[in-house]
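K.L.:
I'll drop the sequence and a predicted model, then ask my questions.
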Amino acid sequence: MNKPRPKVRLSRALGVPLTPKAVKYFEARPYPPGVHGRARKTESDYKVRLREKQRLRAQYNIREAQLRNAFDKAAKSGGKTGEALLVDLERRLDALVLRAGLARTIYQARQFVVHRHVLVNGRRVDRPSYRLKPGDVITIAERSRAMDAFQIAAAGGHTENVPPYLDVRHQALAAQLTRLPERREIPIVCDEQLVVEYYSR
C-alpha cells in the first residue's frame, strides 16, 4: 500500500474520512496514526471537545477564525447554538457545490469557487464562504463546462448522496438551495454540542 497522504493521516487522527481516497485507508486502519495509535487512552474533557471542534473544521475545510465567527453568530441566533452553527456552515457555497455533486471533495469545491468556475444566480462568486439563501441557484460557468471534472459531474459521477434541501439538475450542472437544511439531513460527522461546550468554556 502506498504511503498515506497528509489528509489520510488527518482523517485517521480525527476519526472521519475527509476524502474518497481516505476511505480505504481509514477502513483498513480505523485508529489514529503513529506507534501509539491503537492504544486506548483516557482523554480529558478538553481534548474530547477540542477534537470535535477540529473534526468540524476539517470537514468544512475552514480556518479557526472562520469557525469562531460562525459560532459567535450562531450563539446570538436565539435557537439551539449547535444546530444553528451547522446550518450556517452548510449554507457555504463550497459546501453546497460539494453536496450537489459538482465536486468530488470539499478541497476541490473550494478550488472551483476560488478559480471562478461557479455562478450564484448568474453572477460569478469567488468566495467559498459566501452563504446562500433558499431560492439561490448554483451553476457552472459556460466556459468551464468542458473541463473533465465538470463532465464527470454532469454525468452524475458524484451524486450518490444529494441531500433533500438541494434540487440538482446534473446534466445542466445546476443546483438550487430549496430550503434551509435540518440538522439530521446535514452529512457531517460531529457532536455539535461538544463544539458549543469547547467555545463556551
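P.N.:
Here it is on my side, so go on.

K.L.:
gap between stretch 74-91 and the chain center?
P.N.:
Its chain's C-alpha centre and that of stretch 74-91 lie 15 Å apart, by Cα atoms, centre = their mean, to the nearest Å.

K.L.:
ends of that stretch, how far apart?
P.N.:
This stretch, stretch 74-91, spans 13 Å end to end (Cα to Cα, to the nearest Å).

K.L.:
what mean pLDDT does the longest helix along the chain have?
P.N.:
Taking DSSP state H as the criterion, the chain has its longest helix at helix 45-60. Averaged across helix 45-60, pLDDT comes to 94.

K.L.:
and it, C-alpha only, in CSV?
P.N.:
The C-alpha coordinates for helix 45-60 follow below in CSV (Å, rounded to 0.1, in the frame of the first residue of the first chain):
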residue,chain,number,x,y,z
ASP,A,45,-12.9,16.5,28.6
TYR,A,46,-11.0,19.4,27.0
LYS,A,47,-9.2,17.0,24.5
VAL,A,48,-12.5,15.4,23.5
ARG,A,49,-14.1,18.8,22.8
LEU,A,50,-11.0,20.1,21.0
ARG,A,51,-11.0,17.1,18.7
GLU,A,52,-14.7,17.5,17.9
LYS,A,53,-14.1,21.1,17.0
GLN,A,54,-11.2,20.1,14.8
ARG,A,55,-13.3,17.5,13.2
LEU,A,56,-15.9,20.1,12.2
ARG,A,57,-13.2,22.5,10.9
ALA,A,58,-11.7,19.8,8.8
GLN,A,59,-14.9,18.6,7.2
TYR,A,60,-15.7,22.2,6.1
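
K.L.:
which other residues reach that helix?
P.N.:
10, 14-16, 18, 43, 63-64, 67, 89, 92, 94-95, 106, 188-192, 194-195, 197-199, 201 (Cβ atoms under 8 Å, 6 or more residues apart in numbering). The C-beta positions use only the backbone N, C-alpha and C, and glycine is treated the same way.

K.L.:
at which residues are the strands of the chain located?
P.N.:
Under the criterion DSSP state E, the chain contains strands at 118-120, 123-124, 137-140, 166-169, 174-177.

K.L.:
adjacent strands (with direction) for the second one?
P.N.:
Going back to what we said before, that points to strand 123-124. Taking DSSP bridges as the criterion, strand 123-124 sits next to strand 118-120 (antiparallel) in its sheet.

K.L.:
before I go, just wanted to say thanks for your time.
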